[in-house]
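In: sequence first, then the predicted structure:
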Amino acid sequence: MVDFMQRPLAQASSAAPAWLQDIQSRGRDAWKDTRLPTRKTEAWKYTSLQPLQQSFAVPGRDAAKADVSAINLPQLGGPTLVFTDGVYRAELSSTVLPSGLTLVRFADADAAQAEQIRTALGSALLPGRHVFAPLNEATLADGVFLQVAANAVVEQPVHIAWLTTGQHEAISITQRLLVCLGANSQATVVETYANKATGGTAFTNGITELLLDRGARLHHYRLQLEQGGAVHIGGVHARLGADSLLSGFHLALGSALKRIDLVVDHQGPGAHCDLDGIYLPRGTETVDYHTCIEHSVPNCTSKERFRGIIADEATAVFNGRIHIHPDAQKTRAELSNKNLLTSNKAEINTKPELEIYADDVQCAHGATVAQLDPLALHYLRTRGVPKEEAEVMLSYGFINELVEAVAEPGLQAFLKPLLANRFAPEPRLTRHIL
Amino acid sequence: MLKVDNLHVRVESEDILKGLNLTVKAGEVHAIMGPNGSGKSTLGHVLAGRPGYTVTAGSAHLLGQDLLALATEERAHLGLFLAFQYPVEIPGVSNMEFLKASVDAVREHRGEPAIDSVSFMKQAREACKSVDLDQAFLKRGVNEGFSGGEKKRNELLQMMLLQPKLCIMDETDSGLDIDALQVVAAGINAMRSPDRSFILVTHYQRLLNFIEPDYVHVLSGGRIVKSGDKSLALELEERGYAWLEDVA
């Protein structure tokens, strides 16, 4: 139906292991029946798919040799998998695994693992919720399977870096991460998507599934650091078992287009989810976060905090849906979205969407849009802080609370200078926030 | 130190100050009193360069420099400090980060060497002690969730660290209980020195029981209508402001 993915679709099956073929074929069939959303589609009202109006290629062979030393990545000291343009780079990775942790690429999965992947893959994706999921499956050649055994506590963060380097023509990359936490297990997973500043256009279709069994605890970080012409349409789909806890942190620097769908399905009573997010588009960039918290069973809680700073002529979209089903009594759900516009031409479209069918629930939501507080700026200046520095302090201060809440110390140490530098490259303007 | 000459100030198309004259010499403490709406706070705001306050005539010089020609931060660098009546809450910017940024900026402009973080931390902790503010306040957002008294003490803390030349205290006594008032007054008294001057803007005589002014001025209708020594404050306490408005 749409030919922008003609080449990747045609070449997909030759690149995938045999056991993935029927998942691919399932994806191909569903994609054939998929109509690309337009501005008339409610969930895509403010986000144009114009950047997809070109023909994408499969990455060439250079991908396996690409030099990515210039890409700034968090150094977390734990198991690390690095992919460049969709190709696994063993020499950049570190695969010493603690006990209880399975971390394997789909391409390397043994028969038993392949069976586990086949069973679990797609199970957190609620039907019809992710328009680009069929395309992801149709072009899926490799992915990462991360499993933590029941009761295992994995202390070291697991880092998966999906890098794009840009080639002479626009390329398409399909990523998939499947995380399965056994009962009462604990882990920290960091996903970093980044590209070379000088890179060409890459369209990443990255889907992550998080399956938490009873009592499991997961810290999940997804950093979308791609800049420039990068297009990323993807999402995180989580299924929470009873008494499990998901703590999610999302960051999106702007690029040509980022559309991320986050869906958290509380399926077991007593589950809790914290979801924090920061988006920082500038120039003419677009970032679109659509979040959906499903409360299907009683006694669950969710707390969502998203902050955006939108500069220049950039556009951001935040849609926060909370859906409380009839049986989900005693649900507590909070949603807060705050936006700072630093220019007259910046645009934010924020919409909380509450659907509540249970009567004994507590649900709070709020969305704000503001500019830098002139009185706060004045106050800082009366104490001698130069105007430019005061502006940087206030902008950073707007997201600081969420950065401070990042529990992984190595990640916080990585994020602070990265974000400060985003507001001002001159060290004299950022020295006091670091 | 400060020379204000025939100052006229307009706020939102309303004339608030209408020819104010005031001279403050080094080491002096001046109290400015007056009824509500007389323009007491406006004087502090306009000297500190608050947006929305337009000078339509007159001049103000601090240490011989044309104050009104300077940007807000440059006035602070020169040695002006305004303790706000309503200090601004800034969530997300830690008090410590804010204090260090302001002290660094002021020292830099005085040509003094930058102070390292460890020594600064020590100074800030000591200053906390002397204004009876728990050190935990250093880590919190600037004034965020502080009580009225805590905000005023935080203003005093900033003043101690910045060591300004001219301190304008805008209704520093308002909203303070007697214990907090004594702490704040003791802090101000400890900072009095021959080369530092104070302007205490206040509605009530109460503060002046703790800080003895050299001069007391009454502001009414945008002008100083009467000046005297500390006995004037007592007279105002007894007779109110109405008789002075008649004089004006």
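Out: It's in.

In: where do the helices sit along the chain?
Out: Looking at chain A here, since you left the chain open. Using DSSP state H, the helices found in chain A span residues A:6-15, A:21-32, A:111-120, A:133-138, A:374-382, A:387-404, A:409-423, A:427-430.

In: my bad, chain B
Out: For chain B, applying DSSP H gives helices covering B:40-48, B:72-78, B:95-110, B:117-130, B:136-139, B:148-162, B:178-191, B:230-239, B:242-247.

In: next, the angle helix B:148-162 makes with the third one.
Out: Angle of helix B:95-110 versus helix B:148-162, following axes from the mean of the first three to the mean of the last three CA atoms, to 10 degrees, is 30 degrees.

In: which residues sit against helix B:95-110?
Out: A:380, A:383-386, A:389, A:393, A:432-433, B:73-74, B:76-77, B:90, B:113-115, B:117, B:120-121, B:124, B:137-143, B:154, B:157-158, B:161-162 (CB atoms under 8 Å, 6 or more residues apart in numbering or on different chains). C-beta coordinates here come from the backbone N, C-alpha and C atoms, glycine included.

In: contact partners for the residue of the stretch 201-350 of chain A found nearest chain B?
Out: Residue nearest to chain B within the stretch 201-350 of chain A: A:R307 (9.5 Å; CB to the nearest CB). By CB under 8 Å, 6+ apart, the contact set of A:R307 is A:277-279, A:337-340, A:398-399, A:402.

In: nearest to chain A: which residue in chain B?
Out: Proximity of chain B to chain A (CB to the nearest CB) peaks at B:G92, 3.0 Å away.

In: tell me how far the closest residue to that residue other than its chain neighbours lies from B:P91.
Out: Once flanking residues are discounted, B:G92 sits nearest to A:G397: 3.0 Å by CB to CB, 6 or more residues apart in numbering or on different chains. Distance, A:G397 to B:P91, by CB to CB, to the nearest Å: 7 Å.

In: what's the nearest residue to the residue of the stretch 1-150 of chain A at minimum distance from chain B if we skip its chain neighbours?
Out: Closest to chain B within the stretch 1-150 of chain A is A:P74: 22.5 Å, counting by CB to the nearest CB. The shortest distance from A:P74 to any non-neighbouring residue, by CB to CB, 6+ apart, is to A:F414 (3.9 Å).

In: contacting residues around A:L375?
Out: With contact set as CB under 8 Å, 6+ apart, A:L375 has these partners: B:V88.

In: give me that answer again for 10 Å
Out: By CB atoms under 10 Å, 6 or more residues apart in numbering or on different chains, A:L375 lies in contact with B:50-52, B:84, B:86, B:88-90.

In: swap in B:V183?
Out: By CB under 10 Å, 6+ apart, the residues touching B:V183 are B:130-133, B:149, B:152-153, B:156, B:176, B:210.

In: try 8 Å this time
Out: B:V183 sits next to B:131-132, B:153 when contact means CB under 8 Å, 6+ apart.

In: and which of these is nearest to B:R239?
Out: Distance to B:R239 across the contacts of B:V183 (CB to CB) is lowest for B:R153, with 32.7 Å.

In: that closest one contacts B:D132, doesn't it?
Out: Yes - with contact defined as CB atoms under 8 Å, B:R153 reaches B:D132; the gap is 6.7 Å.

In: excluding chain neighbours, what is closest to A:A230?
Out: A:S255 (4.0 Å).

In: ok, now which ones touch whichever residue of chain A sits closest to chain B?
Out: Closest approach between chain A and chain B, counting by CB to the nearest CB: A:G397, at 3.0 Å. Taking CB under 8 Å, 6+ apart as the criterion, A:G397 is in contact with A:433, B:90-93, B:141.

In: where does chain B dip in pLDDT?
Out: B:245-248 (pLDDT under 70).

In: go again using 50 as the cut-off
Out: Along chain B, segments meeting pLDDT under 50 span B:248.

In: tell me which parts of it are close to chain A?
Out: B:48-51, B:71-73, B:75-77, B:81-82, B:84, B:87-88, B:90-94, B:97-98, B:100-106, B:109, B:141-142, B:158, B:162 (CB under 8 Å from any CB of the partner chain).

In: how about stretch B:186-206: buried residues?
Out: By 16 or more other CB atoms under 10 Å in any protein chain shown, the buried positions in stretch B:186-206 come out as B:186-188, B:196-203, B:205.

In: that one: end-to-end distance?
Out: Counting by CA to CA, to the nearest Å, you get 14 Å between the two ends of stretch B:186-206.

In: now swap in stretch A:134-146 and tell me
Out: Stretch A:134-146: ends 22 Å apart by CA to CA.

In: show me the beta-bridge partners of the residue of the stretch 201-350 of chain A closest to chain B.
Out: A:I278, A:K338 (DSSP bridges).

In: how many neighbouring residues does B:N154 have?
Out: 25 (other CB atoms under 10 Å in any protein chain shown).

In: can you show me the CA trace of stretch B:105-123 as CSV?
Out: These are the backbone C-alpha positions of stretch B:105-123, laid out as CSV (Å, rounded to 0.1, in the frame of the first residue of the first chain):
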residue,chain,number,x,y,z
ALA,B,105,29.0,36.9,39.7
VAL,B,106,29.3,39.7,42.3
ARG,B,107,32.9,38.7,43.2
GLU,B,108,33.9,38.5,39.6
HIS,B,109,32.7,42.1,39.0
ARG,B,110,34.6,43.2,42.1
GLY,B,111,37.7,41.7,40.7
GLU,B,112,37.9,39.2,43.6
PRO,B,113,39.1,35.7,42.9
ALA,B,114,36.4,33.0,42.6
ILE,B,115,35.7,31.1,45.8
ASP,B,116,36.0,27.3,45.6
SER,B,117,32.9,25.1,46.3
VAL,B,118,34.2,23.7,49.6
SER,B,119,34.9,27.1,51.2
PHE,B,120,31.7,28.4,49.9
MET,B,121,29.7,25.5,51.3
LYS,B,122,31.3,26.3,54.7
GLN,B,123,30.5,30.0,54.5
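
In: in TSV, list the contacts of A:R307 along with distance to A:E209, pLDDT and neighbour count.
Out: Formatted as TSV, those follow (distance: CB to CB, whole Å; pLDDT from 0 to 100; neighbours: other CB atoms under 10 Å in any protein chain shown):
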residue	distance to A:E209	pLDDT	neighbour count
A:G277	18	98	25
A:I278	23	98	23
A:Y279	22	98	29
A:N337	25	98	24
A:K338	29	97	19
A:N339	29	98	22
A:L340	32	97	23
A:F398	32	95	24
A:I399	27	96	25
A:L402	24	96	19
